[in-house]
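Chemist: here's a sequence, model it:
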Amino acid sequence: MESEIKIYKTRGDYACEMLDKYYPVSPNKIISDIGAGYGHMQTKVSELGAKWQPFDYVKKMEWSIIWDLNNPAPNTVENAGVAIFLEVLEHLPNPLLSLKNISSHIEKGGFLILTTPNPQSSKNIINLFLKGTLYAFQEKHLKEYHVFTPWEHIVKHFLKECGFEIIDYAIVDTTYCTRRISSFKDGVKYLFEKILERKNIKSKGMSYGIVAKKI
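Modeler: Residues are numbered from 1 along each chain as shown. Predicted coordinates:
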């Protein structure tokens, strides 16, 4: 039921709770952090007693393992029982190929925990109406390499094509909902956000989260 969809203030909160839920039943003790950045998930992985494998496209930490997702994982690493994949999908020019390579890196019965921007968020819908483009996918966002618009139905289709079963969905990144109104214009936008979010709960949250199990 959509009314039962859980809501998380930040992607970190979401990832930590999903690790608590699914790591205990993962097929091994390896957690791959794909797009690890500066290692924000390392502490949580250590608390679980798991082995942390941090991957990135560029080296932001000395222990980062370089992985271009257009290619299979390096043959020097271990397959994961759980892979964390937070706010990376929208940066991929070849998302289906990348997900296939990630699937090959996860053990059967393992889990992929991902978050990605939500194209149907109220802020995106309002911006589309006013400016003809989604809030998080304007031309200026090419500087951040936002090159794939991750509509939920497409992401779920890709995951299923890559051998995953979708087992969890959540609303993520809702800090904007409690912001201070800065102007009359912002107040009007805030009102319309609330109207849209009451109509469709999935328009709440700047991102959404999915847990997929490899079958």
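
Chemist: helix or strand right after the lengthiest helix in the chain?
Modeler: Of all segments of type helix in the chain, defined using DSSP state H, the longest is helix 184-199. Later in the chain than helix 184-199, the nearest helix or strand by DSSP states H and E is strand 207-214.

Chemist: show me what that following strand packs onto, helices and strands only.
Modeler: Helices and strands touching strand 207-214, by 3 or more CB pairs under 8 Å, 6 or more residues apart in numbering; DSSP states H and E, are helix 11-22, strand 106-117, helix 152-161, strand 164-172. Heads up, the C-betas are built off the backbone N, CA and C, glycines and all.

Chemist: so which of these gets nearest Glu193?
Modeler: Closest of the helices and strands packed on strand 207-214 to Glu193 is strand 164-172, at 13.5 Å (criterion: CB to CB).

Chemist: one step back: ranking the helices and strands packed on strand 207-214 by burial, who's on top?
Modeler: Counting by mean count of other CB atoms under 10 Å, strand 106-117 has the highest mean neighbour count of those, with a mean of 23.

Chemist: what pairs with that one, parallel or antiparallel?
Modeler: strand 80-86 (parallel), strand 207-214 (antiparallel) (DSSP bridges).

Chemist: now the helix or strand of the chain with the lowest mean pLDDT, how far from the centre of its chain.
Modeler: Counting by mean pLDDT, DSSP states H and E, the chain has its least confident helix or strand at helix 184-199, which shows a mean of 84. Helix 184-199 sits 25 Å away from the centroid of its parent chain (CA atoms, centre = their mean, to the nearest Å).

Chemist: again, but for stretch 187-204
Modeler: For stretch 187-204, the separation from the chain centroid amounts to 22 Å (computed by CA atoms, centre = their mean).

Chemist: kindly report the same for stretch 198-208.
Modeler: For stretch 198-208, the separation from the chain centroid amounts to 15 Å (computed by CA atoms, centre = their mean).

Chemist: what about stretch 130-146, how long is it end to end?
Modeler: Taking CA to CA, to the nearest Å, stretch 130-146 runs 20 Å from one end to the other.

Chemist: next, the buried residues of that stretch.
Modeler: By 16 or more other CB atoms under 10 Å, the buried positions in stretch 130-146 come out as Leu134, Tyr135, Ala136, Phe137, His141, His146.

Chemist: can you list the weak-confidence ranges in the protein?
Modeler: 1-3 (pLDDT under 70).

Chemist: in this structure, which residue sits furthest out from the middle?
Modeler: Using CA atoms, centre = their mean, the residue of the chain lying farthest from its centre is Phe184. It sits 32.5 Å away.

Chemist: and that residue, how far is that from Ala136?
Modeler: Counting by CB to CB, to the nearest Å, the gap from Phe184 to Ala136 is 24 Å.

Chemist: ok, back up a step: any chance of the helices and strands packed on strand 207-214 in TSV, plus distance to Gly39?
Modeler: Formatted as TSV, those follow (distance: least, CB to CB, whole Å):
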stretch	distance to Gly39
helix 11-22	12
strand 106-117	16
helix 152-161	25
strand 164-172	20
